[in-house]
Structure formats: structure tokens, C-alpha cells
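>>> Generate a structure from the sequence data that follows.
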Amino acid sequence: MLCRYVDDIADEADSGPDARQALALMKQDIRLGRSSDLIVADGIRLFAECGIEPGIFIELIDGVESDLGTVRIPDTNALIHYCYQVAGTVGLMMCRVLDAKEAAADAHAIDLGIAMQLTNIARDVGEDAKAGRVYLPLSWLEEEGLSAEALIANPVFTPALGRVVARLLGAAEAHYRRAWPGIALLPWDCRPGIGAARLVYAEIGREVERQGLDSVSRRAVVSGRRKAFLLARAAGALAAQQFGADE
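Down below sits the predicted model:
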């Protein structure tokens, strides 16, 4: 709930300064370990119960706050750092909530969060551009003879833009691969849900590819039937993984 609350503050505030002030107050409360805001107070109690380092959540707030201004991502390193802030941190917190015992699970959870956020960016290129936001690295755009300003002024699909989206999906796939071994480090009853989430998000990327890498003219959606298939596939793969471990 607290993660959604942060997003709502950023999305629903009447102005950027109002949202920044609200987020700054939230960070202050989290550092102090107390808040008059019931949702934040509940979050602080959860941090204590699950051993979530407050700094992890503050990183998430910093990432969301960066969305309030002019969004430009200079290069690959900045892209991965942003994805870590807004999504990798969520993976870390989930490890604590799910009581993952293995320290190695943290790195895999971060990879999964980053992969999912890269997929989100690939899916939402047109929608973000219409809102004046460009999460595609400027260095990647420049290599293709493109610019953030031109994309915002005229958000249309081109083969050059498709190559940038393909590069983004390739980066996401690398992180999905690195994330997969970490699912085996989670408690058994948590694995099917996390495994299915990984497959469904990766499938969004495949859908972007099927529509010719055009995420400007339309938004990729995974059907309910396909999601059900992927859930069954995740359960089967994880059952096989567990069976192999038990032999």
C-alpha cells in the first residue's frame, strides 16, 4: 500500500512543488521512524517487523520524485539506476516481506525489478512521450539520429525508434534471465506467484515485439488466457525445479 501511496502523491498532486513537499515530509518521517500519516506509520511498522532498511524505501521515493520534473535519462547507467530506484527497491523489500533466507536472493530480486521496469518503459514509449517524458537513454536515441525533443513534439513510430525499443527489451531479457535462479531461493509457497509475474511481464515485451516494436501507436497487452497459460507454465517449471531438488 505504501508504494502505491507514493505513486498517488506524485500522480495526483496539484503541482510538482506540492508533490515534492509531500514526498520530502514522508522521507523525513521514515528517517525519524514515526509519522502522523496512518499509511506511512503502518509502513514504518512493517519495516521494523520485516527488517526492511528504511533507506531502501527512501531510494524508491527519490526515483518517483525524479518523475516530477523533466524526465531525461542520459545513458545506460542512468537508466539502470532509475529502474533500481523505482522497481529494484521493491524487489528488495519483497525479499524481506517474504522472508527470503538466502542473502543471494537480493541481487536476483533487484534484477527482476529492473527487468520489469525496462519492460514498462518499452511498452509505454508513446504514452510517456505524450506526457513529456522520455525514459529512453539519450545516448541510444542519438546513435539512431533521434532526439527526446523530436519524439515529444511528434510521437510517431519509426524503424529507428523500433531499434531503440528492441535494445531496451534485450536489456530487460538479460535481467529476467539473471532473476530466474533467485525464485528458487524464496519460500516454496511464494514461488509460483513471483515466477508467474516474471513470465507475464516478459510476455509484455514479446507482445511489443509481435507488434513490430511499435509501442507508440498502441499499447501491448497480454490477454487473460495467455496469463493463465503462463501461470500454469510457471507452476509447472517450479514444481519440476522442486522435484529435482528433492531427488
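>>> those helices in this protein, which residues are they?
Under the criterion DSSP state H, the chain contains helices at 2-12, 16-32, 38-50, 54-66, 76-83, 89-97, 105-123, 125-130, 138-143, 148-153, 159-183, 191-210, 224-246.
>>> Could you export those as TSV, including mean pLDDT, mean neighbour count and distance to S217?
All C-beta spots, glycine's among them, are computed from the backbone N, C-alpha and C. Output for the helices of the chain, formatted as TSV (pLDDT from 0 to 100; neighbours: other Cβ atoms under 10 Å; distance: least, Cβ to Cβ, whole Å):
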stretch	mean pLDDT	mean neighbour count	distance to S217
helix 2-12	87	15	24
helix 16-32	93	15	29
helix 38-50	96	15	38
helix 54-66	96	19	27
helix 76-83	98	18	23
helix 89-97	95	22	30
helix 105-123	97	24	12
helix 125-130	95	20	7
helix 138-143	98	16	18
helix 148-153	97	15	13
helix 159-183	97	19	11
helix 191-210	91	19	12
helix 224-246	59	13	21
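>>> Looking at the ones you listed, which is nearest to V216?
Taking Cβ to Cβ, helix 125-130 is the member of these nearest to V216, at 3.4 Å.
>>> ok, back up a step: how about the helices of the chain, which one is nearest R218?
Closest of the helices of the chain to R218 is helix 125-130, at 8.1 Å (criterion: Cβ to Cβ).
>>> What are the contacting residues of that closest one?
71, 121, 134-136, 151-152, 155, 157, 161, 165, 215-217, 219 (Cβ atoms under 8 Å, 6 or more residues apart in numbering).
>>> Can you tell me which of those lies closest to M26?
V71 (20.7 Å).
>>> which ones are touching the closest one?
D128, G132, R133, V134, Y135.
>>> And the pLDDT for G212?
With respect to pLDDT, G212 scores 96.
>>> pretty sure it contacts V165?
No. Contact criterion Cβ atoms under 8 Å: G212 and V165 do not qualify, at 9.7 Å.
>>> center of the chain, which residue is that?
Q117 (3.0 Å; Cα atoms, centre = their mean).
>>> residues in contact with that one?
Y82, C83, V86, A87, G88.
>>> rerun at 6 Å
The neighbours of Q117, taking Cβ atoms under 6 Å, 6 or more residues apart in numbering as the test, are C83, A87.
>>> from the middle of its chain, how far away would stretch 60-80 be?
Relative to its parent chain, stretch 60-80 has a centroid offset of 12 Å by Cα atoms, centre = their mean, to the nearest Å.
>>> for it, how far is the first residue from the last?
By Cα to Cα, to the nearest Å, the extent of stretch 60-80 from end to end equals 13 Å.
>>> What of stretch 48-61?
Rule used - Cα to Cα; the end-to-end distance of stretch 48-61 is 18 Å.
>>> Now P54: closest residue in space that isn't a chain neighbour?
Excluding the flanking residues, the one nearest P54 by Cβ to Cβ, 6 or more residues apart in numbering is I30, at 4.9 Å.
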